[in-house]
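*Asks:* What would the 3D arrangement of this be:
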Amino acid sequence: MHYAIIAAGKGSRLAEEGVALPKPLVMINGESLVYRLIRIFSQNNAERIFIICNEEMTEVAEYISNLKQKYPAIHLLIKSTPSSMHSLYELTKEMKKLTDEGQETPRLVLTTVDTIFNESEFATYVRTFESDAASDAVMGLTKYIDDEKPLYVGVENTKDESRITGYYDTQNGCTHISAGIYGLTSKTLPVLNRCIEEGQSRMRRFQRALVEEGLSVKPFVFSKVFDIDHASDIEKASSIERN
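*Replies:* Residues are numbered from 1 along each chain as shown. Okay, here's the model as predicted:
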């Protein structure tokens, strides 16, 4: 399994609230956010861990580079991008470079650096994604809403399976939102490329396009997932990690 971490944001809201460290280096229960993800991914059969950070984050780049000796799966890309979707696009280009000629691009689990989730649930999610040969993507969802602009997700449940039917900016009768945990197969990459070519920039547009283009997108429900957007979220993250 390949993993990817988008750590390219500047964390300006945290800085405004008095958090001096760059977001990837913010500490949760004695671990930086980026180290926490590297550790968790390594514990879940990581062949490679792709990380992108922007060119201004020299402190973050040096920190991650120093972790390579302990975690040789790390592959660091230093590149400034205009959006998370562009960061994902650049990461998938790196994946393709390292894929043997004629081989299918490996499956990828992606999060942003500040995504907080329960570790045991994540391990179950990874096993589910690894064993699901029929789906083109398996996306993390949650009923826990702690986001200024949540992306609501429509889910259809039948006797045999569950599938994602749409992504919405308003609730639209939905009970779940996107958790920002993406399990992507090679079949999703042409959709990503088309979104970039069309000038799209938001990850929610990419998710919508996967459904609109008829790919098999399955849900996996986490109990609680949220991002570190404000200083108050740091204590909440410490609590979910303990639980």
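
*Asks:* Need the pLDDT of the residue sitting furthest away from the middle of the chain.
*Replies:* Farthest-out residue of the chain from its mean C-alpha position, per C-alpha atoms, centre = their mean: K159, at 29.1 Å. At K159, the pLDDT value in this model is 77.

*Asks:* same deal with V126?
*Replies:* At V126, pLDDT is 98.

*Asks:* how about the nearest residue to it, chain neighbours excluded?
*Replies:* Spatial nearest neighbour of V126, excluding adjacent residues (C-beta to C-beta, 6 or more residues apart in numbering): N44 at 4.6 Å. In this view, the C-beta of every residue, glycine as well, is placed from N, C-alpha and C.

*Asks:* I'd assumed T112 was in contact with A4.
*Replies:* No - look at A4 against T112 with C-beta atoms under 8 Å: they stay out of range, at 9.8 Å.

*Asks:* Mind jotting down where the helices sit in the chain?
*Replies:* Assigned by DSSP state H, the chain shows helices spanning 12-16, 33-42, 58-66, 84-97, 119-131, 189-197, 203-212, 232-242.

*Asks:* Please work out which of the ones you listed is packed deepest.
*Replies:* Each of the helices of the chain was scored by mean neighbour count; the highest is helix 33-42, a mean of 21, by mean count of other C-beta atoms under 10 Å.

*Asks:* and the angle for that helix with helix 58-66?
*Replies:* Using axes from the mean of the first three to the mean of the last three C-alpha atoms, to 10 degrees, the direction of helix 33-42 lies 30 degrees away from that of helix 58-66.

*Asks:* Tell me which residues touch Y71, please.
*Replies:* Each residue near Y71 by C-beta atoms under 8 Å, 6 or more residues apart in numbering is listed here: 38, 42, 49.

*Asks:* swap in I52?
*Replies:* 4-8, 76-79, 81, 87, 90-91.

*Asks:* Show me how to select, in PyMOL, the buried members of these.
*Replies:* To isolate the buried members of the contacts of I52 in PyMOL, using 16 or more other C-beta atoms under 10 Å:
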select buried, resi 4+5+6+7+8+76+77+78+81+87+90+91
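
*Asks:* between the contacts of I52, which is nearest S120?
*Replies:* I5 (19.9 Å; C-beta to C-beta).
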